[in-house]
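Student: the sequence isn't on hand, but the structure is:
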Ligand SMILES: NC(=O)C1=CN([C@@H]2O[C@H](COP(=O)(O)OP(=O)(O)OC[C@H]3O[C@@H](n4cnc5c(N)ncnc54)[C@H](OP(=O)(O)O)[C@@H]3O)[C@@H](O)[C@H]2O)C=CC1
Ligand SMILES: O=C(CO)[C@H](O)[C@H](O)COP(=O)(O)O
């Protein structure tokens, strides 16, 4: 795995007015407090504010010796404690919480000051906020931050979007607290307005897909007779190779955990209903709006949704039968090898879909997001950090790719693993084990490589019932067949 440690030299806050903080954090819940501690540990003087004073006091009482904090109970005092240009990181509940803080902050700030939203904001909200603050003479930076509670403290991946001038004033500070991969900080300027939050949103969409694929691997191995501790060993083994990633590492830990109350594997007593806060479905919504196929990511979102409908599952479990008895899964060694292949291939597809979505959004909104940079800053600190990302980075560094799937080393990997992947999807279907992620990813792969798709027939149907017209393979323009008349074809370009 890539290096998770941070770059060493603590930042020098030389541009400070004596006693003032170089940066301030609003929001002292888990993410905000850990980000503030990370900043302080790196040598930055950090101003602190939280709506509820107790949280601010708690941070100072518990962690005050980790660096220099300037706490305030009033937002006005917080702003006054900041050096200019003021840099304020808002790390509060996404949505109305963020708007409320921004509304309070703006009248207290001066031209050129920088407001950073480090929460999981919708990129459309970021676009709106950026425009409104720009009109008020302020900079607004939408910065996605990934790595959870521990990452925020020890080095997250940071995905900032906003004006280049704002990044000039802020970037060195953010880069000093970010995770490091191969000596490079996992933080880089991504583009204007919503670019950073869009990239973070897609990061989370890929996170959903990756977690779903791992879940499907677990489900198949369980159906094949492996106990959770045996599976933990399998996942640890995978983590030594191409599948090396934070999520595989976490999976082995969860599978090994024994429940104190029952003595059973913890995974067996956790209710099988997955929660979601929204970023996965935002990714799919954005993909639908931009017309980008992300079916594997979408299946991961829907799989969480299916899991969380107990009434639907109970009714169907009563009513529906499974495959005939005796549908055997392959013996253990073969099953493990095939599932590994499916996991790797599907993961590549999820990245391909997510990166395609970023590319289209970047073209649509004129962000000029560099995909190599995205892969570079995802290599450490964030939840989807994985060995694969270095391969993706280097492929995008070498050439301009329409899709990740055409990259030479990715093609080779898929070539080597597709038989196992196909076997898993077929076996799972016959055995009645749901693998929506693996099969959606395979359908995407086969759809992209197909010479002809059934879309031709769909176009014929659309023209039949709605005169929606179609194009021909051998002529320019649009055509319509007179389906209810003599069935002659006429040009529809008029
Ligand atoms: N938790 C995680 O692992 C991750 C979270 N994020 C994102 O980071 C952000 C912060 O997350 P987290 O630390 O979990 O905190 P929460 O999302 O739980 O938000 C709690 C914080 O928001 C403040 N807040 C809520 N509403 C308002 C308001 N109207 N006015 C002022 N302050 C308000 C709270 O203040 P008070 O104490 O007064 O209630 C508290 O400081 C969120 O956007 C989240 O999506 C991103 C990556 C990972
Ligand atoms: O942003 C994150 C990591 O990058 C969070 O872990 C994410 O919010 C988790 O999402 P969900 O609760 O929907 O699974």
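Tutor: Arrived safely. Predicted model, so just to flag it, every value in this text is computed and none were measured. Ligands and ions are numbered 1, 2, ... in the order given.
Student: now the nearest residue to residue 132 once chain neighbours are set aside: which helix or strand?
Tutor: Closest residue to residue 132 apart from its sequence neighbours, by Cβ to Cβ, 6 or more residues apart in numbering: residue 140 at 7.9 Å. Just so you know, the C-beta spots here come from the backbone N, C-alpha and C atoms, and that holds for glycine as well. Taking DSSP states H and E as the definition, residue 140 sits inside strand 139-146.
Student: in its sheet, which strands sit next to that strand, and in what direction?
Tutor: Paired neighbours of strand 139-146 in the sheet (DSSP bridges): strand 114-117 (parallel), strand 157-161 (antiparallel).
Student: ligand 1 contacts on the stretch 1-150 of the chain?
Tutor: 27-32, 50-52, 55, 91-94, 97, 100-101, 119-120, 145-146, 148-149 (Cβ under 6 Å from any ligand atom).
Student: please redo it, this time with the cut-off set to 8 Å
Tutor: The stretch 1-150 of the chain comes close to ligand 1 at residues 26-33, 50-52, 54-55, 91-94, 96-98, 100-101, 104, 118-121, 144-149, as judged by Cβ under 8 Å from any ligand atom.
Student: filter those residues to the buried ones?
Tutor: 26-28, 31-33, 50, 55, 91-92, 94, 98, 101, 118-121, 144-147 (16 or more other Cβ atoms under 10 Å).
Student: tell me what the next helix or strand after the strand holding residue 140 is packed against?
Tutor: Toward the C-terminal end, the helix or strand that comes next after strand 139-146 (DSSP H and E) is helix 148-154. Packing partners of helix 148-154 (3 or more Cβ pairs under 8 Å, 6 or more residues apart in numbering; DSSP states H and E): helix 30-41.
Student: quick revisit: what mean pLDDT does the strand holding residue 140 have?
Tutor: Across strand 139-146, pLDDT averages out at 98.
Student: same question for stretch 301-318.
Tutor: Mean predicted confidence for stretch 301-318 is 97.
Student: end-to-end on that stretch?
Tutor: Chord length of stretch 301-318, first to last residue, is 25 Å (Cα to Cα, to the nearest Å).
Student: figure out how far it is from the centre of its chain.
Tutor: Its chain's C-alpha centre and that of stretch 301-318 lie 24 Å apart, by Cα atoms, centre = their mean, to the nearest Å.
Student: tell me which residues in it are buried?
Tutor: Buried residues in stretch 301-318 (16+ other Cβ under 10 Å): 301-304, 307.
Student: and stretch 458-473, by the same measure?
Tutor: 463, 469-470.
Student: can you list contacts of it?
Tutor: 456, 477-481, 483, 492 (Cβ atoms under 8 Å, 6 or more residues apart in numbering).
Student: closest one to ligand 2 out of these, please.
Tutor: Nearest to ligand 2 out of the contacts of stretch 458-473 is residue 456 (Cβ to the nearest ligand atom; 38.3 Å).
Student: what is the mean pLDDT for stretch 211-225?
Tutor: 97.
Student: got a list of what the closest residue to ligand 2 within the stretch 51-200 of the chain touches?
Tutor: Distance from ligand 2 to each residue of the stretch 51-200 of the chain (Cβ to the nearest ligand atom) is smallest for residue 146, at 3.5 Å. By Cβ under 8 Å, 6+ apart, residue 146 lies in contact with 156-157, 159, 200, 203-204, 381-384.
Student: how about the residue of the stretch 351-494 of the chain found nearest ligand 1, phi and psi?
Tutor: As assessed by Cβ to the nearest ligand atom, ligand 1 sits closest to residue 383 within the stretch 351-494 of the chain, at 8.2 Å. For residue 383, the backbone dihedrals are phi -70, psi -30 (criterion: degrees, to the nearest 10).
Student: how much space between it and residue 144?
Tutor: Applying Cβ to Cβ, to the nearest Å, the value for residue 383 to residue 144 is 11 Å.
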